[in-house]
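> What follows is a predicted protein model with its sequence.
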Amino acid sequence: MIKTSKEIRKEFLDFFEEKKHQIVDSAPMVVKGDPTLMFTNAGMNQFKDLFLGNEPVKWNRIADTQKCLRVSGKHNDLEEVGLDTYHHTMFEMLGNWSFGDYFKKDAVNWAWEFLVEKMGVSADRIYATVFEGSADDNLQRDDEAATYWEKFLPADRILNGSKKDNFWEMGESGPCGPCSEVHVDLRPQNEIDKLSGAELVNKDHPLVIEIWNLVFIQFNRKSNGNLEDLPDKHVDTGMGFERLCMVVQGVTSNYDTDVFQNVIAEIGKLSKIEYGKNEKTDIAMRVIADHLRAVAFAIADGQLPSNNKAGYVIRRILRRAVRYGYTFLGFKTAFIFKLVEVLKETMGDAFAELVSQQNLIEKVIKEEEESFLRTLSTGIKLLDEIISKTKTDKKDTIQGKEVFVLYDTFGFPLDLTELIARENSLGVDENGFKVEMEAQKNRSRNAAQQETDDWVEIRKIEQTEFLGYDNLETEIRIARYRKVTQKKKTFYQLVFDQTPFYGESGGQVGDIGYIEFDGVKTSITDTQKENNLTVHLVEKLPEDPSGFFKAVVNYGRRDK
Ligand code: SER
């Protein structure tokens, strides 16, 4: 019988409870009030003050599963997640801690006992690394840890690791110490016969992976860089839960475990596309299954998507998922919120917040999806045109001006444009983008210095009816117009009785398109909202403003 992820998580906690550990809840994933950290990125974050001695130790043995989020760094660059099979934004870190209690011997013994005896991991697939020592710090190899591993492993599967991989520090100063990592080789036997796993440990091979890091906190790094022995020695271990599930369930991708498969199956059902048939759609499904978790847990912790700091990270993650669903799975309407139910069924027993906050999570995700989809569909069309034009012109960079229009009119963050450009082997002119940004700021400063004539009223209206949620093309009549002069440049503002154009306010650019009568088109270069009226900008007044016009939106901004 293959163990389920629920069983694996429970067995880990039960195992350490039997070894007299206090089981504690995960700390929130979203960190409030710490300027150095937006999200919990390791199990030990919540115990920092215990290691530093700033807080009294209540239990000297603790174990838990911690919700972590990593969206930066070599392996957790947001843009890489989903491309491979074993990195995530949000992941669970299983941990056991000793605060001044047991040390290397028990940590190693119990890691082995849990993995091999409880989880049934093949002993002959396991490698352990130990700290090789460092002349800089006048430290010897961690022979002690090696001795404990030797009880279980032949010498050629205990590998030395450098300071970079095998000496763990919390920061520039503070508690630190050597660590010992457990790696597992999941390759088929015929490959192992050809090349020993020892050659592939810590080499980014998707099937020779680190699953557990046992850190032995025994020094304090002083601010002058020197190490001193700590009076108490501690253990901090962190094991990637999703990777453990992959190993125990005998699959070769984290996404093939039941941690993700239920959600992936639901995505398959909604998109009518099967997982495992096509590299591009598989990546999209992995991106969505991964990002759903990060976003749902962040919202459950009270972090809504927004335009700054942690909120912006969450917005970027969600928007990346929407974009993959839109581009590769054909989702043109909100769908991610529909996956929350399955996520709750998968993880709700361990994380009660998914159950209690389900409605809020669904509502926030749905609104955010709808808002971004409106922007995306028009923006992507424009970007596709820009990309083919750039290629036809044999250029390798998209002009800053065009990147700015995408940003300003369609809410495309620079990084999204860069990502799509990169997928098409193009770069982006970042400097040009900054120049445009600055120019826009000047424009809004100048906007104050304009002269307006009186309105000429053709027909009376109280408000402009907005039809643009359903129609991007309607018949309209001009209700009033006026001439505006700014820096010797003349243009006209038109108010219609009804309009498909979405009006912005406060200097942002609104919808653009044209009105047409008798084959003559007049371009609408901007749309602004002024109280109940929507004001459209044109450079030239149509010859007869009194009749019916066809009004057509070319590029709509609906990201509200
Ligand atoms: N602190 C170590 C890590 O983050 C072990 O938990 O890898």
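Everything's here; your move.

> for the stretch 151-300 of the chain, what spans make up the helices?
For the stretch 151-300 of the chain, the helices defined by DSSP state H, counting those that start in this stretch cover 163-166, 189-194, 241-248, 258-271, 279-300.

> which residues are in contact with the shortest one?
Read that as helix 163-166. Identification of contacts with helix 163-166 by C-beta atoms under 8 Å, 6 or more residues apart in numbering yields 129-132, 134, 136-137, 142, 160, 178-181, 202. C-beta here means a position set from N, CA and C on the backbone, and glycine is covered the same way.

> Would you reformat the helices of the stretch 151-300 of the chain as TSV and include mean neighbour count?
Below are those laid out as TSV (neighbours: other C-beta atoms under 10 Å):
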stretch	mean neighbour count
helix 163-166	17
helix 189-194	10
helix 241-248	24
helix 258-271	20
helix 279-300	24
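
> Buried subset of the contacts of helix 163-166, written for ChimeraX?
Buried residues within these, by 16 or more other C-beta atoms under 10 Å, are selected in ChimeraX with:
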select :129,130,131,132,134,142,178,179,180,181,202
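
> circling back: nearest to the ligand among the helices of the stretch 151-300 of the chain would be which one?
helix 163-166 (10.7 Å; C-beta to the nearest ligand atom).

> picking up where we left off before, could I get the helices of the stretch 151-300 of the chain as JSON lines with mean pLDDT and distance to the ligand?
Formatted as JSON lines, the helices of the stretch 151-300 of the chain follow (pLDDT from 0 to 100; distance: least, C-beta to the nearest ligand atom, whole Å):
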{"stretch": "helix 163-166", "mean pLDDT": "94", "distance to the ligand": "11"}
{"stretch": "helix 189-194", "mean pLDDT": "96", "distance to the ligand": "26"}
{"stretch": "helix 241-248", "mean pLDDT": "98", "distance to the ligand": "12"}
{"stretch": "helix 258-271", "mean pLDDT": "98", "distance to the ligand": "19"}
{"stretch": "helix 279-300", "mean pLDDT": "97", "distance to the ligand": "18"}
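
> can you tell me how far G100 sits from D232?
Distance of G100 to D232, computed by C-beta to C-beta, to the nearest Å: 4 Å.

> which regions of the protein lie under the pLDDT threshold?
Within the chain, the ranges that satisfy pLDDT under 70 run 35, 72-76, 411, 443-450, 487, 505-508, 557-560.

> Quick check: residues of it near the ligand?
Within the chain, the positions near the ligand by C-beta under 6 Å from any ligand atom are 42-44, 95, 168, 213, 215, 236-238.

> Now the stretch 151-300 of the chain against the ligand: closest residue?
For the stretch 151-300 of the chain, C-beta to the nearest ligand atom, closest residue to the ligand: G238, 2.5 Å.

> Single out the residue in the stretch 1-150 of the chain that lies closest to the ligand.
Nearest residue of the stretch 1-150 of the chain to the ligand (C-beta to the nearest ligand atom) works out as A42 at 3.5 Å.

> Which phi and psi values does that residue adopt?
phi -160, psi 160 (degrees, to the nearest 10).

> Hmm, G238 and it touching each other?
Yes: with contact defined as C-beta atoms under 8 Å, A42 and G238 form a contacting pair (6.0 Å).

> How many residues are close by the residue of the stretch 1-150 of the chain closest to the ligand?
For A42, the count of nearby residues is 20 (other C-beta atoms under 10 Å).

> so who does it touch?
A42 makes contacts with 66, 68, 93, 238, as judged by C-beta under 8 Å, 6+ apart.

> okay, these in a markdown table with secondary structure next?
Below are these laid out as a markdown table (DSSP: H, G, I helix; E, B strand; the rest coil):
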| residue | secondary structure |
| --- | --- |
| Q66 | strand |
| C68 | strand |
| M93 | strand |
| G238 | strand |
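
> unless I'm mixing things up, L83 is touching I283, no?
Yes: using C-beta under 8 Å, L83 makes contact with I283 at a distance of 5.9 Å.

> Tell me the residues that contact both of those two, please.
Joint contacts of L83 and I283 (C-beta under 8 Å, 6+ apart) do not exist.

> Quick check: the nearest residue to E539 once chain neighbours are set aside vs the ligand, distance?
Nearest in space to E539, with sequence neighbours left out and distances taken as C-beta to C-beta, 6 or more residues apart in numbering, is F491 at 5.1 Å. The gap separating F491 from the ligand is 59 Å, by C-beta to the nearest ligand atom, to the nearest Å.

> pretty sure F491 contacts D453?
No: contact criterion C-beta under 8 Å: F491 and D453 do not qualify, at 11.4 Å.

> which residues are in contact with both of the two?
Common contacts of F491 and D453, defined by C-beta under 8 Å, 6+ apart, comprise 483-484.

> More neighbours: these two, which one.
In terms of neighbours (other C-beta under 10 Å), F491 is the more surrounded of F491 and D453; the figures are 16 against 13.

> Look at that one and tell me its secondary structure.
Assigned by three-state DSSP, the conformation of F491 is strand.

> buried ones in the helix or strand harbouring K529?
Secondary structure from DSSP states H and E places K529 in strand 526-530. For strand 526-530, burial by neighbour count (16+ other C-beta under 10 Å) applies to 526-529.

> Can you pull up the most central residue in this structure?
I317 (3.1 Å; C-alpha atoms, centre = their mean).

> Please report the distance of that one from F297.
Per C-beta to C-beta, I317 is found 11 Å from F297.

> helices or strands up against whichever strand or helix holds A310?
Counting by DSSP H and E, the element that carries A310 is helix 309-328. Helices and strands touching helix 309-328, by 3 or more C-beta pairs under 8 Å, 6 or more residues apart in numbering; DSSP states H and E, are helix 279-300, helix 358-392, helix 414-423.

> Now do the first one: which elements does it pack against?
So that's helix 279-300. strand 61-69, strand 90-99, helix 258-271, helix 309-328, helix 340-347, helix 353-356, helix 358-392.

> next one: the second one
In terms of contacts (3+ C-beta pairs under 8 Å, 6+ apart), helix 358-392 is packed against helix 279-300, helix 309-328, helix 340-347, strand 397-398, helix 400-410, helix 414-423.
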